[in-house]
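A.B. asks: One predicted model, sequence on top.
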Amino acid sequence: MIAYLKGRLLEKQPPVMVLEVNGVGYELEAPMTTFYDLPDNGVETMLHVHMVVREDAQKLYGFTRRPQRELFRSLLKVSGVGPRVALAILSSLSAEEFLSCMASEDVDRLTHVPGIGRKTAQRLLVEMRDRVLTETDATTLRAAQPETQGPTPVQDAVSALIALGYRPPQASRAVSEVGREAEGSEEIIKQALKLLSGRAA
């Protein structure tokens, strides 16, 4: 299995690029979020790689950031989501934005991704929410974003509840139930704590 490739970028025509490594040109597909990070043609770069082997083809998928690849792999485990749909999701949403969709159960936003219908969006929420919204994954996904792009109030609230000792699924569900009426992470946390305290009673 290929973990990464380091070489000279020869060609980039989304969704395909060619990377020359020791005289061999590797063709890789990638989401637009990866293409935005790529250097100019002729410059050396490193890509984290996921390889898919089928009876009729062997395909490589490249990512400039490791968390992008891990999220891609998680998406492939969802029923009805193949590499093409996973690339569409990562092209339309950053890792942080996808995490926010999971936390707020934003089906409508997911349906704006090409190839994602309402049923698939609902399946993504069910199968991905608890898998993605763990303390480790939340930290990893935030690390995939530029430092100038801070976490959303929703994610701040989820992280705060986890720090207080609530399990990630409990925290994400409580925050999603608060809804969007609450403004700012502090108000979201207060209302989510009321919900969680009521359940404990």
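C.D. replies: In hand now; what should we look at?

A.B. asks: Am I right that residue 128 sits in a strand?
C.D. replies: No. Per DSSP: H, G, I helix; E, B strand; the rest coil, residue 128 lies outside any strand segment and is helix.

A.B. asks: That one contacts residue 75, correct?
C.D. replies: Yes. In this structure residue 128 lies within contact range of residue 75 using CB atoms under 8 Å: 7.3 Å. All C-beta atoms are positioned from the backbone trio N, CA, C, and that covers glycine.

A.B. asks: what residues do the two have in common as contacts?
C.D. replies: Common contact partners of residue 128 and residue 75 (CB atoms under 8 Å, 6 or more residues apart in numbering): none.

A.B. asks: what does the domain assignment say about the chain?
C.D. replies: Following automatic domain parsing, one gets these domains for the chain: 4-64, 67-200.

A.B. asks: Averaged pLDDT, the helix or strand that contains residue 70. What do you get?
C.D. replies: Following DSSP states H and E, one finds residue 70 within helix 66-76. Mean per-residue pLDDT for helix 66-76: 89.

A.B. asks: Just name whatever secondary elements it is in contact with.
C.D. replies: strand 44-53, strand 58-63, helix 83-92, helix 95-104, helix 118-132, helix 135-143 (3 or more CB pairs under 8 Å, 6 or more residues apart in numbering; DSSP states H and E).

A.B. asks: In this structure, what helix or strand scores lowest on average pLDDT?
C.D. replies: The weakest-scoring helix or strand in the chain, judged by mean pLDDT, DSSP states H and E, is helix 135-143 (a mean of 47).
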